[in-house]
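fold the following, please.
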Amino acid sequence: MSKIKQKKVARKAKQTKKVIQGLPVLHYKAAGADIGDTQHDIAISDGRGGFIVRTFKTFTADVKEAVKWLKDEGITTVAMESTGVYYLTFYLLLEEAGIEPYLVNARHVKNVTGRKKDDTDAMWIQRLHSCGLLQKSFQPDNDFRTLRTYVRQRKGLITRCSDEVRRMQKALEQMNIKIHTVISDLLGKTGIQIVKAIIEGNFDPEELSKLRDPRIKATPQEVFKSLQGLWKEEYVFTLKQAYNTYCFYQQQVKECEDKIHEQLLKQIAQVNQGDITLDKPTIEKKTKPRKNQFSFPVAPLLCRLTTVDLCKIPGLSEVSILEFIAETGIDMDKWNGSKQFAAWLNLVPNTKITGGKIISSRMLKKKNTAGQTLRMGASSLYSNKTAMGDYHRRMSAKYGGKGAALASAHKMSRIIYKMLKAKVEFNFQMLADADQKYRERKIKHLEKLLQQLKKVA
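Here you go, the predicted structure:
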């Protein structure tokens, strides 16, 4: 070989060494999908460093065709953005076909080039997914997804019921009927009877005041004066429509609760190999029924489903536990630990550290229904007499009301994770011991501070 050829070969070898090696490919049969309302753009690798992109309509037949094409190409996993509810049909059909779907956060797949096109987005998602740079978002299994749909529907119906009650109050206020100001609850026995009588055309304050229940604290004279108003036909009409709509929503809530009961029994039968017998409830002190309670006892069903009694946690009712379980399920293996579980619930700050210093420690602005349920339950702990109540009041003095609710909800999430993961019952004594240790540390600190002050004096 001549010297000239040797120099050319050496030069090529030198140039080859300068080429930067790309990211390793972890998922060779991966696809990326840009999800939309009218079309899905799906990109796969062509095996030569390029992409094959196909666009499918979002009709069911077209989505099935897309899944069949991915199956024929040997695709084993597909990553897609979490865009509204447009992904759901594609996601479920992929699961049925045996292809692992990855529902990822849209923030994690933002294209750094700045060019926004559906096909380039699909290619970018495929590239990230093939290199293992995307994390799968939590998705419940099919049974809990069904339960979650029913529970969310019931919660939405109750919100609409509240709206109709406010419209009833507004109609009464426009007629200057002040009955809702002298009784504690317009939906109680007295309030409902008076509203029905007004709708039926009874406008006599004396006759209406006779509907007063003896347990009402307001005097008969106060009730009589509150029922003297201006009986305008249009306002009586709006009151009637609001009341009828409220009754309709109440019927819808009852039907939704029947579906929830049926779904819970179905899942209990799956967990316990067909056995749906419930434990006999213990005789407890009768308490005043709360608003928006279920028409059937939920706690025994939840205990049978989870094998632990989550309702023993202070601040959480059976309704709160059901709403929480419907969002998260009972399989805690989907999270690496209680810290990741609390972070998914958005109960910990998003701490940013650079140069060894914390530059930001704020809560993420994202909606998490399960985490919000725990926050609402934690807000009721201020007057609680247990160790959880002591912890909440201590955090309230330190961080304020919102900070205390967040800290207490974080503690609740760790307790729930431990109970569902290890299948252990709630231990009141453990919290009491921790609270006692805190008091002892506080006393030692104050005694040490007192000794220092005595020396100075």
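
burial count for C311?
For C311, the neighbour count with other C-beta atoms under 10 Å is 18. The way it works is simple: take the backbone N, C-alpha and C, and place the C-beta from them, glycine included.

my read is that it contacts A299, right?
Yes. Using C-beta atoms under 8 Å, C311 makes contact with A299 at a distance of 4.9 Å.

overlap in contacts of these two?
When contacts are counted by C-beta atoms under 8 Å, 6 or more residues apart in numbering, C311 and A299 have E318, I321 as shared neighbours.

how many other residues sit next to the residue nearest to A242 when sequence neighbours are not counted?
When the adjacent residues along the chain are set aside, A242 lies closest to R167, with 4.0 Å between them (C-beta to C-beta, 6 or more residues apart in numbering). The number of residues packed near R167 is 17, by other C-beta under 10 Å.

I'd say R167 and K240 touch.
No. Contact between R167 and K240 fails when scored by C-beta under 8 Å: they sit 10.9 Å apart.

list the residues that contact both of those two?
Applying C-beta under 8 Å, 6+ apart, one finds that no residue jointly contacts R167 and K240.

flag every buried residue along the longest helix along the chain.
Of all the segments of type helix in the chain, defined by DSSP state H, the longest one is helix 233-271. Neighbour-count burial for helix 233-271 flags 235-236, 238-240, 242-243, 245-246, 249, 252-253, 256-257, 259-261, 263-264, 267-268, 271 (criterion: 16 or more other C-beta atoms under 10 Å).

please apply the same query to stretch 100-116.
When neighbours are counted by 16+ other C-beta under 10 Å, the buried residues of stretch 100-116 are found to be P101, Y102, L103, V104, V109.

run the chain-centre distance for that stretch.
Taking the mean of its C-alpha atoms, stretch 100-116 sits 23 Å from the chain's own mean (C-alpha atoms, centre = their mean, to the nearest Å).

what about it, how long is it end to end?
Its first and final residues considered, stretch 100-116 spans 26 Å by C-alpha to C-alpha, to the nearest Å.

hmm, who's touching it?
Stretch 100-116 is contacted from outside by 76-83, 87, 90-91, 94-95, 120-121, 124-125, 128-129, 134-137, 139, using C-beta under 8 Å, 6+ apart.

list the strands paired with the helix or strand harbouring V53, with their directions.
Following DSSP states H and E, the helix or strand that holds V53 is strand 51-57. Sheet neighbours of strand 51-57, with direction, are listed as strand 39-45 (antiparallel) (DSSP bridges).

now, the buried residues of stretch 100-116 that are in strands?
Among these, DSSP state E puts P101, Y102, L103, V104 in strands.

show me what the third one is bridged to.
Partner residues in beta bridges with L103, using DSSP bridges, are M80.

am I right that K402 is in a helix?
Yes. The secondary structure assignment for K402 places it in a helix, going by DSSP: H, G, I helix; E, B strand; the rest coil.

D41 pairs with what?
D34, T55.

list phi and psi for G50.
Backbone torsions of G50, given as degrees, to the nearest 10, read phi -110, psi -170.

no no, M175
The phi/psi pair for M175 (degrees, to the nearest 10) is phi -90, psi 0.

burial of the closest residue to it other than its chain neighbours, as a residue count?
Excluding the flanking residues, the one nearest M175 by C-beta to C-beta, 6+ apart is G229, at 4.3 Å. Here the neighbour count serves as a burial measure; for G229 (other C-beta under 10 Å) it reads 18.

and what of L227?
For L227, the number of neighbouring residues by other C-beta under 10 Å comes to 25.

gap between it and V236?
According to C-beta to C-beta, to the nearest Å, L227 and V236 sit 13 Å apart.

now T149
38 Å.

just T120 next, same as before
For T120, the distance to V236 (C-beta to C-beta) stands at 61 Å.

what of A269?
A269 sits 50 Å away from V236 when distances are taken as C-beta to C-beta.

ditto for C247
Here the distance between C247 and V236 works out to 17 Å (C-beta to C-beta).

likewise I194?
Here the distance between I194 and V236 works out to 13 Å (C-beta to C-beta).

where does the protein have its least confident helix or strand?
Counting by mean pLDDT, DSSP states H and E, the chain has its least confident helix or strand at helix 3-17, which shows a mean of 52.

thought L374 was touching F341?
No. Under the criterion of C-beta under 8 Å, L374 lies out of contact with F341, with a separation of 11.2 Å.

what sits in contact with each of the two?
Residues touching both L374 and F341 (C-beta under 8 Å, 6+ apart) are S413.

wait, doesn't Y249 sit right on G156?
No. Counting by C-beta under 8 Å, G156 is not a contact partner of Y249; they are 9.7 Å apart.

what distance do you get for the closest residue to T328 other than its chain neighbours to P101?
On the basis of C-beta to C-beta, 6+ apart, the spatially nearest residue to T328 that is not a chain neighbour turns out to be A370, at 5.2 Å. As for A370, its distance to P101 is 21 Å (criterion: C-beta to C-beta).

hey, where'd the strands end up in the stretch 101-250 of the chain?
The residue ranges that make up strands in the stretch 101-250 of the chain, judged by DSSP state E, counting those that start in this stretch, are empty, as it has none.

just the helices from it, written as ranges.
Secondary structure of the stretch 101-250 of the chain (DSSP state H, counting those that start in this stretch): helices located at 118-130, 142-174, 179-182, 189-199, 205-209, 220-226, 233-271.
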